[in-house]
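Chemist: need the 3D shape of this:
(one chain, ligands or ions: 3)
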Amino acid sequence: MNKKKSIKKKTTTTGATGFGGALSKLKEKTFDYTGTITAHPQTPQQTIPPSLLPPTSIPSYASTSIPAATPPVLPWVIERKDKETILKMERAGKLARQCLEVGGAAIKPGVTTEEIDRIVHQECLSNGAYPSPLNYHGFPKSCCTSVNEVICHGIPDARPLQSGDIVNLDVTVFKDGVHGDCSEMFVVGEETDTASQELIQVTYDCWLKAMEFCRPGRAYSDIGGIIEEYVSARGFSTVRAFCGHGIGSVFHTNPNVLHYKNSEPNGKMEPGHTFTIEPMICAGTQKHVTWPDKWTAATKDGGRTAQFEHTLLIEENGVRPLTGKREGDRVQWWEERSEVHKGIWTGSFD
Ligand code: MF3
Ligand code: CO
Ligand code: CO
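Modeler: Ligands and ions are numbered 1, 2, ... in the order given. Okay, here's the model as predicted:
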């Protein structure tokens, strides 16, 4: 998701050796982790030989870490995609879903998040796509795995998943010039505690409510109030520091989709708009700390947090998920038990 103002540009680091390296190691050792999860070793960043993918499926930042294009300065200026771009986004969205399904199916006790990352990475490449997170502003892996109190941007590492953990797996792919972005929760093992179950159900339902609100003419700023009202009535909080975002040839662009009550001038929905809604909901405080790795955002109080995400397309008479589940995809218990929509959500139309 988007950092509230703009994605923080990484400042130059001193690297793994020398004083800077020693300092960052010290920071890691003395860092006060807020909950049960701590940083584990990471394997080196994957490199993709350019010959492996068509040039149209390699994003501008793959080698530089810096995206070439920036969002329009005026927050209400939102690109309308033409038919051809929408076709490409449908294909990217379907593939993102496929990679999420394949990665998610591997989530089991004892499996490391790095193994999940390898599976997602491979599924992308086998289907002619680039895993969008890889080297995006320097991100070291191909997807995000956010466990328990980790809100978002968890880096896959050597920690083995434990029964009862709750994991958000966030997959984005870049194919034929466009991105598709989605995420979902997974329970590790047979079950998790009732408090975590309620957290996941409330997060899923507020997300559905927000997506079902979407129609041409509606304001992006009204999404946040729907989410905040729903979760606060049930004793949960909604993260303010990270947002949903416009998406297309650029990973994060206008509109900025806030998940809390606001009146920002972030534009109105029009047919051809593509964007994400990806609320992060917390059992305790919505405030976060960032780990020394400069990516992982965890709740300040160590309380658990959950998130879901779709890439959405505004159509003439409604809204459709480009990353929606297909017939045969795994249906989770929160989808069966939802009080907003039961079963696979395939959009909302007049
Ligand atoms: N997929 C995330 C989102 O929903 C973004 C991840 S960017 C990364 O917007 F660099 F952290 F991987
Ligand atoms: Co996103
Ligand atoms: Co995402």
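
Chemist: how many neighbours does the residue nearest to residue 127 when sequence neighbours are not counted have?
Modeler: Of all residues beyond its chain neighbours, the one nearest residue 127 is residue 95 (5.4 Å), with distances taken as C-beta to C-beta, 6 or more residues apart in numbering. Yep, even glycine has a C-beta here, placed from its N, CA and C like the rest. Number of residues near residue 95 (other C-beta atoms under 10 Å) recorded here: 22.

Chemist: and for the one 4 residues further on?
Modeler: Residues contacting residue 99 under the criterion other C-beta under 10 Å number 28.

Chemist: does it touch residue 170 like I think?
Modeler: No: taking C-beta atoms under 8 Å as the definition, residue 99 is not a contact partner of residue 170, at 10.7 Å.

Chemist: intersection of neighbour lists for those two?
Modeler: residue 143 (C-beta atoms under 8 Å, 6 or more residues apart in numbering).

Chemist: residues of this structure that sit close to ligand 1?
Modeler: Residues of the chain that fall close to ligand 1, judged by C-beta under 6 Å from any ligand atom: 1, 133, 136-137, 139, 144, 153, 170, 172, 181, 278, 309.

Chemist: would you format those as CSV with secondary structure included?
Modeler: Compiled in CSV, those are given as follows (DSSP: H, G, I helix; E, B strand; the rest coil):
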residue, secondary structure
1, coil
133, coil
136, helix
137, helix
139, coil
144, strand
153, coil
170, strand
172, strand
181, strand
278, coil
309, strand
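
Chemist: with respect to residue 291, which of the residues you listed is nearest?
Modeler: For the residues of the chain next to ligand 1, the residue nearest residue 291 by C-beta to C-beta is residue 153; the value is 9.2 Å.

Chemist: residues touching the closest one, list them.
Modeler: Residue 153 neighbours (C-beta under 8 Å, 6+ apart): 139, 144, 146, 295-297.

Chemist: contacts only, for residue 98.
Modeler: Per C-beta under 8 Å, 6+ apart, neighbours of residue 98: 123, 127.

Chemist: mind redoing it with 6 Å?
Modeler: Listed by C-beta atoms under 6 Å, 6 or more residues apart in numbering, residue 98 has no contact partners.

Chemist: likewise residue 161?
Modeler: 109, 111, 188.
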